[in-house]
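Undergrad: Coordinates for the following, if possible.
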Amino acid sequence: MLLALKPAQWRRALRLVVAPAGSDIGTDPIARPVGDSLVGVLCVLNGNDALVVPEHVAAAWRMRPWALWNTALVNMHADQLNVQTFGTDDSTLFSVNGTGMPGAGHVFRLDKALRQRLPLGALVSLPIANAFCAVPIRSAATLGMAGFLSQLTGELMRGNPAPLSHEVFWAHDGEFTNLRVRVDGDDTHLSIPERLRDLLT
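TA: Sure, this is the predicted structure:
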């Protein structure tokens, strides 16, 4: 079906969506990992369908996978997002939902979606395919939001027919590291990567 589309059709319909790792996305998708449990996938949106773009189709289009991925990011700049903020300047929670287009894929253009500079990255969760939550990291104190974000993510997943993940990630330079957040009563435990520790010192 993808090969039947004209270049003008598929080029403007390229988007990034987030799906559970191991889901039915074919054998050679153009994709990037989001931690261990999720994957960002290049798709062509065709009506209500998201058609995964495999590498062999990119070759047939005579396009490099990275160029198609970047085209999707450019296209997503025009998508309408519902962005809400809660909290203070030091610990601001952003709730981002797509309106008409899937919202979770915008984590791959996080700074632009939030309209924030993110030199230290952000705490990010992806409860459902149409939304993500993020807390820009301003100092080590921001990590104290990880437990709250984990609990909020669980609440947002509850009752949703297609939940994604309860995990909280450190998003930085296009990579997503699972912080393995665990809430035990009033205590929150998380695994802080060495790279993040270095940035915070």
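Undergrad: Do you have the strands of this structure handy? List them.
TA: 14-20, 31-34, 38-46, 49-52, 81-87, 92-98, 122-128, 131-136, 168-172, 175-178, 182-184, 187-189 (DSSP state E).
Undergrad: May I have the distance across stretch 76-85, first residue to last?
TA: Stretch 76-85 has an end-to-end distance of 21 Å (criterion: C-alpha to C-alpha, to the nearest Å).
Undergrad: Stretch 163-183 too?
TA: Stretch 163-183 has an end-to-end distance of 20 Å (criterion: C-alpha to C-alpha).
Undergrad: same deal with stretch 119-134?
TA: End-to-end span of stretch 119-134 (C-alpha to C-alpha): 14 Å.
Undergrad: How about stretch 4-16?
TA: 21 Å.
Undergrad: got it, and stretch 135-150?
TA: 12 Å.
Undergrad: So which bits of it are buried?
TA: 135, 136, 137, 138, 142, 143, 145, 146, 147, 148, 149, 150 (16 or more other C-beta atoms under 10 Å). Quick note: C-beta positions are derived from backbone N, CA and C, even for glycine.
Undergrad: cool, stretch 86-101 as well?
TA: Here stretch 86-101 shows 91, 92, 93, 94, 95, 96, 97, 98, 101 as buried, counting by 16+ other C-beta under 10 Å.
Undergrad: Looking at it now, give me its mean pLDDT.
TA: Throughout stretch 86-101, pLDDT has a mean value of 87.
Undergrad: hmm, who's touching it?
TA: For stretch 86-101, contacts defined as C-beta atoms under 8 Å, 6 or more residues apart in numbering pick out 15, 45, 76, 79-85, 103-104, 106, 113-114, 130-136, 138-139, 141-142, 144-145, 149, 152.
Undergrad: if we can go back for a sec, so which of the strands of the chain gets nearest residue 199?
TA: strand 168-172 (8.1 Å; C-beta to C-beta).
Undergrad: Buried ones among the contacts of stretch 86-101?
TA: Buried subset of the contacts of stretch 86-101 (neighbour count, 16+ other C-beta under 10 Å): 15, 45, 76, 79, 81, 103-104, 106, 113-114, 130-136, 138, 142, 145, 149, 152.
Undergrad: what does the domain assignment say about the protein?
TA: Here the domain parsing of the chain from automatic domain parsing is 2-76, 81-200.
Undergrad: how about the nearest residue to the most centrally placed residue in the chain, chain neighbours excluded?
TA: Nearest residue to the geometric centre of the chain (C-alpha atoms, centre = their mean): residue 107, 3.3 Å. Distances taken as C-beta to C-beta, 6 or more residues apart in numbering place residue 132 nearest to residue 107, at 5.2 Å, with adjacent residues excluded.
Undergrad: cool, residue 125 as well?
TA: Take residue 125 and drop its neighbours on the chain: the residue closest to it by C-beta to C-beta, 6+ apart is residue 153, 4.1 Å away.
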